[in-house]
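Q: just a sequence and a predicted model for now, questions to come.
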Amino acid sequence: MKKILFAFFTLALFSSPAFSQSYKKLHEKAIVIDTHNDFISTGIEKGKSFDQNLKGITHSDLKRMKEGGIDVQVFSIFCDENYGKGTAYAFANREIDTLYATVARNPNRMMIVRNSKDLQTAVSTGKLGAMMGVEGGHMIEDEISNLEKLHARGARYMTLTWNNSTSWASSAADERAKKDLGHPYGLNALGEQIVKRMNELGMIVDISHVGEKTFYDAIRISTKPVIASHSCTYALCPVPRNLTDEQIKAVGKNGGVIQLNFYSGFVDSSFRDKNNAFIRKHQQEKDSLLKSNPSDFYANLYLHEKYKDEIDGVRPSLTLLIDHLDHIVKLIGVNHVGLGSDFDGINSSPRELNDVTNMPLITEELMKRGYSKKDIFKILGGNFIRVLKANEQ
Ligand SMILES: [Zn+2]
């Protein structure tokens, strides 16, 4: 009976108008930073601009970022493995041009953030702070001078690999698949030089997507705290992109931060099978889509959008995403976790997180789980700011 009464009491408390007001207020007050959003590459692909109203088309746009309480967004400078020598670095610059142009069109609503001082200015003036992170070492085309130029244009982290390995670092996907790269896994001499140069420049080393060998090499060499800009935990969802408990402990020791990815397949270990069954059901349609665009990602995204009600039934709950957060906190404490949604780079997210406007629901869930205001501020942005500052020194 006591239990029932308690359950009733907590239900009443968390569904009261006062509670609804308080989580929204807290979210509004916090500096909310998302360290991974793929709008720029998706926008180029779809022919859409960030300052358009894209509700129902993308996860994010400028207006909805504000509705979601986002203060600072790190935009991913990304291209896939089809870009290589002679094209990847040029495409990175085209994406940076795109972001600069968007900011120039909206000088009262956005600003480029290059450092923690700019970040504070963005927050105090109420503009969306736009940061950049390079996703995939292949974009520097094996040239440290390209790394330096991307840093000079404002890129403040680089994910050492995407799903594809480079000549100097092996990816999680390739290490797990035991792919023969023609050289040992991990960082080679050039890879070590790149990490060292990033430390000197104050460019954060991002270990999302990298293989375990590369991960431990990077952690050993880096003299500054690292980030995982968009990763979850292997213990709760064993996929190559997620971090094992040992890796999580190593990030804790390094002083870094793990920013949670919202992709259903990284959050929920049962999603992959359910999603595969869904795709098999619509295989004929997928095959016809692949004829015009050979990208698996876009074919699946099309099916997810077309059969929304059907796929909604297999999306995980937001509570499972926050279970990943709890798991990290249990292992290494509250100073090493944050948010890296991967919005506009994923085709499925937890069912409560349809787009960026739903971000306050994360704060609600954290409050329900008893996290203090101070801890929530750290999770929403404070931890990332600490790592950014440590890299600036
Ligand atoms: Zn990614």
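A: Nice, thanks for sending it over.

Q: for stretch 373-390, how far is the first residue from the last?
A: With C-alpha to C-alpha, to the nearest Å applied, stretch 373-390 spans 23 Å between its terminal residues.

Q: over to stretch 80-96?
A: OK, stretch 80-96 end separation, C-alpha to C-alpha: 16 Å.

Q: for residue 36, what is the enclosing helix or strand?
A: If you go by DSSP states H and E, residue 36 is part of strand 33-37.

Q: for that strand, what is the average pLDDT?
A: Averaged across strand 33-37, the pLDDT comes to 98.

Q: got the contact list for that strand?
A: Here strand 33-37 makes contact (C-beta atoms under 8 Å, 6 or more residues apart in numbering) with 59-60, 70-76, 133, 135, 157, 208, 227, 229-230, 259, 261, 338-345, 356, 359, 380-381, 384-385. Just so you know, the C-beta spots here come from the backbone N, C-alpha and C atoms, and that holds for glycine as well.

Q: just the CA trace of that strand, in CSV.
A: Extracted C-alpha coordinates of strand 33-37, given in CSV (Å, rounded to 0.1, in the frame of the first residue of the first chain):
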residue,chain,number,x,y,z
ILE,A,33,24.9,22.4,-25.8
ASP,A,34,24.5,19.7,-28.4
THR,A,35,27.8,18.5,-29.7
HIS,A,36,26.6,16.8,-32.9
ASN,A,37,24.2,17.8,-35.6
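
Q: show me what the helix or strand following that strand is packed against.
A: Next along the chain after strand 33-37, taking DSSP H and E as the criterion, comes helix 39-46. Other elements packing on helix 39-46 under the criterion 3 or more C-beta pairs under 8 Å, 6 or more residues apart in numbering; DSSP states H and E are strand 72-78, helix 88-105.

Q: from the chain's centroid, how far away is stretch 326-344?
A: Here stretch 326-344 is found 11 Å from its chain centre; the criterion is C-alpha atoms, centre = their mean, to the nearest Å.

Q: the closest residue to residue 163 other than its chain neighbours: what secondary structure?
A: Spatial nearest neighbour of residue 163, chain neighbours left out: residue 173 (4.4 Å); criterion: C-beta to C-beta, 6 or more residues apart in numbering. Classification of residue 173 using DSSP: H, G, I helix; E, B strand; the rest coil returns helix.

Q: thinking again about what came up before, from the contacts of strand 33-37, which ones fall inside helices?
A: Among these, the members falling in helices (DSSP state H) are 384-385.

Q: can you tell me which residues contact residue 321?
A: Residues in contact with residue 321, defined by C-beta under 8 Å, 6+ apart, are 232, 260, 262, 267, 350, 353, 362.

Q: in the stretch 201-350 of the chain, which spans are strands?
A: Assigned by DSSP state E, counting those that start in this stretch, the stretch 201-350 of the chain shows strands spanning 204-206, 227-228, 257-260, 337-339.

Q: who are the packing partners of the longest one?
A: Spelled out, it's strand 257-260. Contacts defined by 3+ C-beta pairs under 8 Å, 6+ apart place strand 257-260 against strand 33-37, strand 227-228, helix 245-254, helix 318-332, strand 337-339, helix 383-392.

Q: ok, the second one next?
A: Using 3+ C-beta pairs under 8 Å, 6+ apart as the contact criterion, the secondary-structure elements in contact with strand 227-228 are strand 204-206, strand 257-260.

Q: tell me which of the ones you listed lies nearest to residue 306.
A: strand 257-260 (28.0 Å; C-beta to C-beta).

Q: isn't residue 272 up against residue 265?
A: Yes - at 5.5 Å, residue 272 and residue 265 qualify as touching, with contact defined as C-beta atoms under 8 Å.

Q: return every residue with contacts to both of the two.
A: residue 239.

Q: would TSV of the helices and strands packed on helix 39-46 with mean neighbour count be doable?
A: Shown next, in TSV, are the helices and strands packed on helix 39-46 (neighbours: other C-beta atoms under 10 Å):
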stretch	mean neighbour count
strand 72-78	27
helix 88-105	18
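
Q: can you redo the ones you listed as JSON lines with mean pLDDT and distance to residue 113?
A: Below are the helices and strands packed on helix 39-46 laid out as JSON lines (pLDDT from 0 to 100; distance: least, C-beta to C-beta, whole Å):
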{"stretch": "strand 72-78", "mean pLDDT": "98", "distance to residue 113": "6"}
{"stretch": "helix 88-105", "mean pLDDT": "98", "distance to residue 113": "10"}
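
Q: just send these back as JSON lines, with distance to residue 204 too.
A: Listed next are the helices and strands packed on helix 39-46 as JSON lines, based on distance: least, C-beta to C-beta, whole Å:
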{"stretch": "strand 72-78", "distance to residue 204": "10"}
{"stretch": "helix 88-105", "distance to residue 204": "17"}
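
Q: so what's the gap between the strand holding residue 36 and the chain middle?
A: 5 Å.

Q: angle of that strand against strand 72-78?
A: 20 degrees (axes from the mean of the first three to the mean of the last three C-alpha atoms, to 10 degrees).

Q: would you mark the buried spots in strand 33-37?
A: 33-37 (16 or more other C-beta atoms under 10 Å).

Q: helices - which of the contacts of residue 321 land there?
A: Those of those lying in helices (DSSP H): 267, 362.

Q: show the buried residues in the contacts of residue 321.
A: Buried members of the contacts of residue 321, counted by 16+ other C-beta under 10 Å: 232, 260, 262, 267, 350, 353, 362.

Q: for the residues you listed, which one is nearest residue 312?
A: Nearest to residue 312 among the buried ones among the contacts of residue 321, with distances taken as C-beta to C-beta, is residue 350, at 10.6 Å.
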